[in-house]
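*Asks:* everything below, folded, please.
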Amino acid sequence: MPLILVTGATGQVGRRFTKRLLERRATGTEVRVLVRDEERGAPFAAQGARLMAGDLREEKDLRRAMEGVHAVVNIAAAFRGVPDEEAWAVNRDAAVALGRAAVEAGTSRFLQVSTNLVYGASRGRPFTEDDESRPGGPRWGAYPAAKAEAERELLALHREHGLDLRIGSLAFVYGDGDPHLTNVLPHAAAWAGSRRLAMVHHADATQALLRLLRAPGGTAGGSVSGRKYNIVDDAPVTTVELFQINGVPLPEGMTERTDEDPWFGIASNLRLRDELGWRPLYPSMWTARDAGVL
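*Replies:* Presented below is the predicted three-dimensional model:
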């Protein structure tokens, strides 16, 4: 019976993905959820998931979690507000250790959830998946640096040990009641009104990750194995629009500021569209607003 391990299931992305994964799992597929707090994992148990209490950073917990697993979805992340050492321990060290454990266990596929912040410095055009990571830019720090290192080391496991790796690189995720749209405002208050933010709705992030998880692997032409996919909608939102959609007055001086780099943080979704047939249900934040799913 196929068994899927999900890490990071209680985070903003993880809990929405895991809920939909459980609702749409194929007959005979089981889902194991590794959580540090079983109480927070209770909604998944109610949907039929197997809960396992443990910490991804502990080797014994990691190896227990990997027993009998056919596929891994690694959504675990330490993001804003955590010490740098924790960001490195979760986003790089634990992810790579999980990849190595997957190789040892003979796990058939490994989906690493990453971030478009790994691209770092702007290229004067939308980022593509073949762009290397270049440290720099206003949102660079331990989180994207650690995620970029994890991508590199997991890709090495793919090349050298046959790990069937697929990477989904998320833009700014919002919707389904996620407070991100509100929480970003204090940071955005100092931005130019014309600065753009690449976005993706949770429903579209989930459908992209499910496509990556279910796509054939191996070495045949057209395989997603060893490839990365940007997960981002069709219409970056401006800072002014972020405040408008939250119904908050524009900060003083915002409309007088100029954006020095209109391409910072903007990524292309063409590979995901062309290779996996993905289309966003909510191609813009305004579409999501009109559908009542913010």
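
*Asks:* in stretch 243-254, what's buried?
*Replies:* Buried residues in stretch 243-254, defined by neighbour count with 16 or more other Cβ atoms under 10 Å: Phe243, Ile245, Pro251, Met254. Just so you know, the C-beta spots here come from the backbone N, C-alpha and C atoms, and that holds for glycine as well.

*Asks:* hey, where'd the helices end up in the protein?
*Replies:* With DSSP state H as the criterion, the chain has helices at 12-24, 38-46, 59-66, 84-88, 95-105, 142-161, 180-183, 185-188, 202-214, 239-245, 270-276, 285-291.

*Asks:* columns distance to Leu3 and mean pLDDT on top of those, output as CSV?
*Replies:* Formatted as CSV, the helices of the chain follow (distance: least, Cβ to Cβ, whole Å; pLDDT from 0 to 100):
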stretch, distance to Leu3, mean pLDDT
helix 12-24, 13, 94
helix 38-46, 14, 90
helix 59-66, 10, 91
helix 84-88, 29, 94
helix 95-105, 11, 95
helix 142-161, 20, 97
helix 180-183, 31, 93
helix 185-188, 39, 94
helix 202-214, 13, 97
helix 239-245, 40, 96
helix 270-276, 24, 96
helix 285-291, 33, 97
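
*Asks:* deepest in the core, which of those is it.
*Replies:* helix 202-214 (a mean of 21; mean count of other Cβ atoms under 10 Å).

*Asks:* out of the helices of the chain, flag the one nearest Glu260.
*Replies:* With Cβ to Cβ, the closest approach to Glu260 among those belongs to helix 239-245: 13.6 Å.

*Asks:* C-alpha coordinates for that closest one, PDB please?
*Replies:* Only the C-alpha atoms of helix 239-245 are listed here, as PDB (Å, rounded to 0.1, in the frame of the first residue of the first chain):
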ATOM      1  CA  THR A 239       2.200  47.300  -3.000                       C
ATOM      2  CA  VAL A 240      -0.700  49.800  -3.500                       C
ATOM      3  CA  GLU A 241      -3.000  46.900  -4.400                       C
ATOM      4  CA  LEU A 242      -2.000  45.000  -1.200                       C
ATOM      5  CA  PHE A 243      -3.200  47.900   0.900                       C
ATOM      6  CA  GLN A 244      -6.300  48.300  -1.200                       C
ATOM      7  CA  ILE A 245      -7.400  44.700  -0.900                       C
END
